[in-house]
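**Q** Would you be able to build a 3D model of this:
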Amino acid sequence: MPSRTRTPRPTAAAPTDEQLLGFYRQMVLIRRFEERAARAYTEAKVGGYCHLNLGEEATVAGLMAALDANDYVFTNYREHGYAIARGIDPARVMAELYGRTDGVSRGWGGSMHMFDIASRFMGGYGIVGGQVPLATGAALAIDYRGGPGAVVCLMGDGTTNIGAFHESLNIAALWGLPIVYVVVNNGLGMGTTVERSSAEPELHKRAASYRMASARVDGNDPAAVHEAAQIALASARDGKPYLLETVSGRLRGHSVVDPARYRSREEAQALKAADPVAAYAVRLHEQGLPTDELIARIDAEAMARVAAAVEFADASPHPDVATLFDYTYATPVPNDSRRLPGDALFPAPPRPTTVEFPGVSA
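**A** Predicted coordinates:
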């Protein structure tokens, strides 16, 4: 029998000391931004829903650092940190949370629906799993055009239970699409644990049904996430889609208004003790990288950037109501309705005119 050649497994370069410190800077910036976003929500400056990356900063920093400029990113509604790590100015992200015209989506997207074509950040999606088929379609477009680039599609653990997840992985594997599906497993689909909702709680193993390569990685270690993401992206660029699971607990409830009463006191304390930002600072100290002074300076710089973002958002104007429908369609559409809430469905009939007759008084 002829021997079968095996494709070499993709490898990843070890991060440099500069990259390790870069991960920490990114994590601290995201932490301070999300803390300020939570405060702004209580001040009624942020409307609608608001989901934070608190506790997932290491996953965000490690993953996004592995992408290049040609790659596309699709996220779910927990997206602020990913937008910042993709290079979008935190001031524009904060302005979007505030619903202002200088925001990423001109104030009309809010927390869950940011979109920035310049950075190939293709938006957050409020429907659970709504981004998965679209990201798969984008990968098909890249493949059809012959590249360059790949797609990274982020989702929470709960998304792995919907039909579109399985349909998308199946078609990506059949057609060899350049896509990496990333499941950020924080252990809870809203308030239900993965163990109670999935017969196989190691979610990356679901890729085996489609003969797709996969891996599970510690989401509290940005260097480990970065290495795994490089391997996954190299595979995707070679026409072999990949499923990457990062295990990373969130420190707050599902959204800013969720008190997370489904967690015991012990669980909450364990999560706080495993805080990835603090733990990573300790790890870097052990490696002899940052001094206490550098750690303090990094935090001060992050606080200053967030304060400037808040000032920028506060100064940005609100959108004019007349622009509400400006981005409903990419191109003009006949009979496009621009009726605002409260407007009549049909124009009011003309009022009768008064006829006057000479010599006749009213």
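
**Q** mind listing the strands for the protein?
**A** Along the chain, counting by DSSP state E, strands occupy 72-74, 151-156, 179-185, 188-189, 192-193, 213-218, 242-247.

**Q** got TSV for those, with mean pLDDT too?
**A** Shown next, in TSV, are these (pLDDT from 0 to 100):
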stretch	mean pLDDT
strand 72-74	98
strand 151-156	97
strand 179-185	97
strand 188-189	84
strand 192-193	84
strand 213-218	97
strand 242-247	97
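
**Q** nearest to L233, of the ones you listed?
**A** L233 lies closest to strand 179-185 among the strands of the chain, at 5.9 Å (Cβ to Cβ). Backbone N, C-alpha and C define where each C-beta goes, glycine included.

**Q** contacts for that closest one?
**A** Contact with strand 179-185 is made by 56, 59, 63, 78, 132, 135-136, 138-139, 150-157, 159-160, 165, 168-169, 172, 194, 203-204, 219, 229, 232-233, 235-236, 241-248, as judged by Cβ atoms under 8 Å, 6 or more residues apart in numbering.

**Q** How about stretch 328-336?
**A** F325.

**Q** Please convert the buried members of the contacts of strand 179-185 into PyMOL selection syntax.
**A** Buried residues within the contacts of strand 179-185, by 16 or more other Cβ atoms under 10 Å, are selected in PyMOL with:
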select buried, resi 56+59+63+78+132+135+136+138+139+150+151+152+153+154+155+156+157+159+160+165+168+169+172+194+203+204+219+229+232+233+235+236+241+242+243+244+245+246+247+248
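
**Q** Which ones among the contacts of strand 179-185 map onto helices?
**A** Among the contacts of strand 179-185, DSSP state H puts 59, 63, 132, 135-136, 138-139, 165, 168-169, 172, 194, 229, 232-233, 235-236 in helices.

**Q** if I look at N335, how far off is A322?
**A** For N335, the distance to A322 equals 19 Å [Cβ to Cβ, to the nearest Å].

**Q** L154 too?
**A** 34 Å.

**Q** hang on, the earlier thing: okay, N335 and A322: which has more neighbours?
**A** Using other Cβ atoms under 10 Å, the more surrounded residue of N335 and A322 is A322, with 9 against 4.

**Q** how near is that one to R338?
**A** Distance from A322 to R338, by Cβ to Cβ: 9 Å.

**Q** V104 is in contact with R92, correct?
**A** Yes - when contacts are counted by Cβ atoms under 8 Å, R92 is listed as touching V104 (5.0 Å).

**Q** Contact partners for the residue most central in space within the chain?
**A** Centrality entry for the chain: nearest residue to the mean C-alpha point is E79, 2.8 Å, by Cα atoms, centre = their mean. For E79, the contact set (Cβ under 8 Å, 6+ apart) comprises 51, 111-112, 114, 124.

**Q** now with 7 Å?
**A** 114, 124 (Cβ atoms under 7 Å, 6 or more residues apart in numbering).

**Q** for R32, same thing?
**A** Taking Cβ under 7 Å, 6+ apart as the test, what R32 contacts is 302-303, 306.

**Q** Repeat that for V247.
**A** 185, 216, 218-219.

**Q** if we go to 8 Å?
**A** 185, 187, 216-220.

**Q** and it, how far is that from D292?
**A** 30 Å.

**Q** next one: V93
**A** 30 Å.

**Q** In terms of neighbours, single out the busier of the two.
**A** Taking other Cβ under 10 Å, V93 and D292 do not tie; V93 has more neighbours (24 against 9).

**Q** Return the distance of the more buried one relative to P201.
**A** 33 Å.

**Q** do Q287 as well
**A** From Q287 to P201 the distance is 32 Å (Cβ to Cβ).

**Q** now G149
**A** 32 Å.

**Q** These two: who's more crowded?
**A** G149 (20 against 14).

**Q** Name all residues that make contact with that one.
**A** By Cβ under 8 Å, 6+ apart, the neighbours of G149 are 68, 70-72, 120, 142, 178.

**Q** This completes my enquiry, with thanks.
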